[in-house]
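Please work out how this folds:
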Amino acid sequence: MNIRIGIDVGGTFTDFLVIYPDGKRRIHKTSSVPSNPPLAVQIGLTEIAAAEHKSLEDFMAEVGLIVHGTTVTTNALLTRNGPITGLLTTEGFRDVLPMRDGTREEAYDNRLEQPVPLVPRYLRQPVGGRVDYKGDVLTALQEVDVYAAAEIFKANAVESVAISFMHSHAETSHEDRAAEIIAEVMPGAYITKSSELLAQARYYPRMSTAVLNSFAGPIISSYLSTLTELLEEAHFEGVLLLMQSNGGVATPSELAKRAALSLLSGPASGPTAGLLVTAAHGWDSCLTVDMGGTSFDAAVVKDNKPLIMTDGIIDRWRIALPMVDINTIGAGGGSIASVDEGGLLRVGPQSAGATPGPACYRRGGVNATVTDADVVLGYIDPDTFLHGQIGLDREASIQAIKNDVADPLGISVEEAAFGIYQMVNVNMATGVRDITVRRGLDPRDFPIVVAGGAGPVHAAAIARELEIPILLTPRDSSIFCAAGMLVCDFKHDYVQSSNQRLESLSDEYLVETWTGMMAEGRRTLHAEGVPDDAISYVPSVDLRYKGQWYEINVEVDPANLVSPNLAEFYASFHQLHDTLFGYSTVDMPIDLLNIRLTVVGSTPNDRVDLAATTPGSGLPEQRRRHIYSPLQRRMVEVEVYQGAAMVPLDEIEGPAIIELGTTTIVVLDEYNTIVDKNGSFVMYLRDQMLTLKARLDLS
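Okay, here's the model as predicted:
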């Protein structure tokens, strides 16, 4: 039982990376089944077993570890195809969910409509009882209101309930008792207590997060139940771990409790994997971009850590759990291109998905997509797509683009295809700017690690738009998130609100708070099989200047867990504030909002080496074909290289194509590509050759 498998269930394809005991790898992709996502996992595993000339049962008996990420809860949220959810809230605060925090998303957009709450008003039930901000009970919980609400929930077939009372982070007894009553009246209902999920101040973020957790809870629980049954039927007796959106892994039982962490769990492993690729060149920072069939994900890794946010937005709703800061936009290979009523070209966010897919898939799709444009421009070879598993129809792509874009705009099909290509590239470059500039970072300071089946096709154009001179494409690029899952650690986050001036913070109080969090984290990791010597702690605090509306999370040295050094808190906050906003005010008092702790359980170091070299045979170019040159604005004939045959220090000059079976690297005119010592393809601007090569470790 030494085989390890990373599985990433996406909107278009489900990706697999199989690692064998001898280091051999197998990359596999199968079409996702949106109506039954676990079925795609079973189909893919069956196909892998067949390729090994084994039955599914015999193959799975050799598998010791599966790490799995899925977008099933994210997709359910985006489509509002989820359980009927109820909410218990403090009397007088029934409409906090639709009112949110009182601010406008777009300050100058008077036509912007508010999103429809996940819980309709008749299922947002007020409950008498009040706790103040210090945790003192002002009015006893009115249990009769909870019982009445439970009956209303039962009558309306509510499957899950979120409980969020005012100031429950300071005193949990009211939420605890309400949960007991709901469990009594509604056995089997999924229940979220906001004080247990997120013990921090600010009512709307805590309520919104609790509602998202209850909405996602039954979905991920049902998904995991089906997946577990399928794996048991296949005789899998190894360990199953799930990817969380905070960049760590957890057992199914732990993720089921904190279901909101399954939202955006699929791409959360990408930044961790990106570090392993750049580490070969001594870099501790990078941008990761992942373009799949449905979406484009961009993230930042800085100082050996993915950047984390605690104020995320999913489908316009706040989620305050720590999550890897990933900017996701609707830009993928399946993104649909169209011309609007004003005669403007639009690409995405609507996607053709796996079914029916792009027109060239010949599965009933008729809309022009990015993949169709890539086929017309010669970037994707219809005969070698996914090792030839899916034969593409170039004529179908031409017809779809002609009907949807070329004819409405009065231009040629080739011009229309290039317009689609340009538009999606600009959209993705904007997504990268959004995640860097708003943190005070210059994207030009980072190399790009390219992932996703469509990522290497578009990455050079994105880099050129952003003026980024270096890109790295690992050989496992097309299933990069599945690979990244096999190197992520266990991770759990804890928070406790503590609204006070930093200058009055007691060392004893701080140590006591962190000690309690450490004990809870150890209990959780012990239950997941992690020993004490594999556990580490990352403390941080949320700080703001007096009178500010938003706080900043500041990570501090673990030595503060036993011997706090407030001078470090001050210095780190001033420096970070200056980076983000361009100024700091050292004389201004600082408020402490929250005390946080991330508890990490290290996974075995030998789980997988993402930087392992794939031996090549040094074969010359495979053949020639015509592709569209953005620089020359015409089709040009270029060399096509077989990427699997290329060995370290092999170098080619653009324009050219490198085919890897599951993806294609498009080397634009201005770039060269060289294979580094770990087998990754490093693309760099040719006019900066001497400077850029000096930055690379090619020895």
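
Report the contact partners of the most centrally placed residue in the chain.
Centroid-nearest residue in the chain, with Cα atoms, centre = their mean: Pro267, separated by 3.1 Å. By Cβ atoms under 8 Å, 6 or more residues apart in numbering, Pro267 lies in contact with Gly69, Asp290, Asp297, Ala299, Val324, Ile326, Thr328, Cys481. All C-beta atoms are positioned from the backbone trio N, CA, C, and that covers glycine.

likewise Leu576?
By Cβ under 8 Å, 6+ apart, the contact list for Leu576 reads Ile552, Val554.

Which helix or strand contains Ala567?
helix 566-581 (DSSP states H and E).

If you could redo that for Ser498, that was the one I meant.
strand 490-501.

Past the helix ranked longest in the chain, which element shows up next along the chain?
What stands out as the longest helix in the chain, according to DSSP state H, is helix 203-233. For helix 203-233, the following helix or strand on the C-terminal side (DSSP H and E) is strand 239-243.

just the CA coordinates of the helix holding Ala567, formatted as CSV?
Taking C-alpha atoms only, helix 566-581 is exported to CSV below (Å, rounded to 0.1, in the frame of the first residue of the first chain):
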residue,chain,number,x,y,z
LEU,A,566,5.1,43.6,22.1
ALA,A,567,7.8,45.7,20.5
GLU,A,568,7.8,43.2,17.6
PHE,A,569,4.1,43.6,17.3
TYR,A,570,4.4,47.4,16.9
ALA,A,571,7.3,47.2,14.4
SER,A,572,5.8,44.5,12.2
PHE,A,573,2.4,46.3,12.1
HIS,A,574,3.9,49.7,11.1
GLN,A,575,6.0,48.1,8.4
LEU,A,576,3.1,46.1,7.0
HIS,A,577,0.8,49.1,7.1
ASP,A,578,3.4,51.1,5.1
THR,A,579,3.7,48.4,2.5
LEU,A,580,-0.1,48.1,2.0
PHE,A,581,-1.1,51.8,2.2
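
So what's the model's average confidence on the next helix or strand after it?
Once the chain leaves helix 566-581, the next helix or strand it forms, by DSSP H and E, is strand 590-601. Taken as a whole, strand 590-601 has an average pLDDT of 94.

domain ranges for this structure?
335-423, 491-601, 623-695 (automatic domain parsing).

a markdown table for those domains, including distance to Thr209?
As requested, these are exported to a markdown table (distance: least, Cβ to Cβ, whole Å):
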| stretch | distance to Thr209 |
| --- | --- |
| domain 335-423 | 24 |
| domain 491-601 | 11 |
| domain 623-695 | 36 |
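
Highest mean neighbour count out of the ones you listed?
Among the domains of the chain, the stretch with the highest mean neighbour count (mean count of other Cβ atoms under 10 Å) is domain 335-423, at a mean of 20.

quick one on the thing from earlier: which of the contacts of Pro267 lies closest to Tyr671?
Distances from Tyr671 to the contacts of Pro267, taken as Cβ to Cβ, are shortest for Asp290 (20.2 Å).

Pull the contacting residues for that closest one.
Neighbour list for Asp290: Pro267, Gly270, Phe296, Asp297, Ala298, Ala451, Gly452, Gly455, Phe480, Cys481 [criterion: Cβ under 8 Å, 6+ apart].

Closest one to Ile43 out of those, please.
Cys481 (18.9 Å).

give me the element the closest one is part of.
Here Cys481, judged by DSSP H and E, is contained in helix 480-485.

Please save the CA atoms from that helix in CSV.
Extracted as CSV, the C-alpha positions of helix 480-485 are listed here (Å, rounded to 0.1, in the frame of the first residue of the first chain):
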residue,chain,number,x,y,z
PHE,A,480,-0.5,20.8,-10.7
CYS,A,481,-3.1,21.2,-7.9
ALA,A,482,-3.5,17.4,-7.7
ALA,A,483,0.3,17.3,-7.3
GLY,A,484,0.3,20.0,-4.8
MET,A,485,-2.2,18.2,-2.6
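
Use 547 as the first number for this chain going forward.
From this message on, residue numbering opens at 547, which makes the last subject helix 1026-1031.

all strands of the stretch 897-1046 of the chain, in order?
994-997, 1016-1019, 1036-1047 (DSSP state E, counting those that start in this stretch).

For the longest one, name the packing helices and strands.
This means strand 1036-1047. Under the contact criterion of 3 or more Cβ pairs under 8 Å, 6 or more residues apart in numbering; DSSP states H and E, strand 1036-1047 touches strand 795-796, helix 1053-1073, strand 1136-1147.

what mean pLDDT does it have?
Rounded mean pLDDT across strand 1036-1047 is 91.

before we move on, what about stretch 1115-1133?
On average, stretch 1115-1133 scores 91.

what comes up buried for stretch 860-879?
Residues 860, 863-879 are the ones in stretch 860-879 that count as buried (16 or more other Cβ atoms under 10 Å).

so where is the protein shaky, pLDDT-wise?
547, 557, 900, 933-934, 1150-1168, 1245 (pLDDT under 70).

now with 50?
For the chain, the stretches with pLDDT under 50 are 1151-1153, 1157, 1159, 1165.

What are the neighbouring residues in contact with Asn949?
Asn949 touches Val912, Ala914, counting by Cβ under 8 Å, 6+ apart.
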